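Visitor: Got a predicted structure here, sequence first:
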Amino acid sequence: MVDGSVRLDTTTFNVINKLKAPIFFINGNHEIYEGLDEIFRILKKTNMKILRDELYEYNGIQIIGIEYSYKSNHMKKVISQLKINSEIPLILLYHLPHGLNSCKCKYRITTFRPYTCRANIPI
């Protein structure tokens, strides 16, 4: 979402507040380059739900947002600490397509940030 191509301010993402659907955000490597504290300060002024290594339940669906990390076992570590109900649908939001087998669930949809693989990939 952030790539350093424009200067960010508190109005940069105002259009998000006009959307009539839930919006969830996870960070990727570009947000780290830009500075996470500044990114989160600006995004907190939107209606976006920022997920930072956490599980959020919305309308009977579990949504897990995992932050970008340079550590190879980050996803596995986060997943092992969450209380996942394997009987209800789960959407996993993660920047990298690594460690997907860490998330055991009967119904799972996994999405990656679009510029990572140029598409959302259901699994």
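Guide: Sure thing, it's come through. Residues are numbered from 1 along each chain as shown.

Visitor: Show the pLDDT at the closest residue in space to Lys44 that isn't next to it in sequence.
Guide: Counting by C-beta to C-beta, 6 or more residues apart in numbering, the nearest residue to Lys44 once its immediate chain neighbours are dropped is Ile50, at 7.2 Å. The C-beta positions use only the backbone N, C-alpha and C, and glycine is treated the same way. According to the model's per-residue confidence, Ile50 sits at a pLDDT of 93.

Visitor: From Ile88, how far out is Ile50?
Guide: Between Ile50 and Ile88 the distance, using C-beta to C-beta, to the nearest Å, works out to 22 Å.

Visitor: The two: which has the busier surroundings?
Guide: With neighbours defined as other C-beta atoms under 10 Å, Ile50 and Ile88 compare such that Ile50 has more, 18 against 13.

Visitor: shouldn't the more buried one be in contact with Ile39?
Guide: No: if you go by C-beta atoms under 8 Å, Ile50 and Ile39 don't touch, sitting 9.3 Å apart.

Visitor: Mutual contacts of those two, please.
Guide: Both Ile50 and Ile39 lack any common contact, where contact means C-beta atoms under 8 Å, 6 or more residues apart in numbering.

Visitor: residues contacting the residue nearest to the spatial centre of the chain?
Guide: Geometric centre of the chain, nearest residue: Ile26, 2.7 Å, by C-alpha atoms, centre = their mean. Contacts for Ile26 (C-beta under 8 Å, 6+ apart) come out as 50-52, 65-68, 93-95, 113.

Visitor: So what's the gap between stretch 54-65 and the chain middle?
Guide: Averaged C-alpha coordinates place stretch 54-65 at 11 Å from its chain's average position (C-alpha atoms, centre = their mean, to the nearest Å).

Visitor: Give me the below-cutoff pLDDT ranges for this structure.
Guide: Low-confidence segments of the chain, defined by pLDDT under 70: 1-5, 97-123.

Visitor: any idea where the strands of it begin and end?
Guide: Taking DSSP state E as the test, the strands found in the chain are 24-25, 49-50, 54-58, 61-66, 90-94, 108-112.
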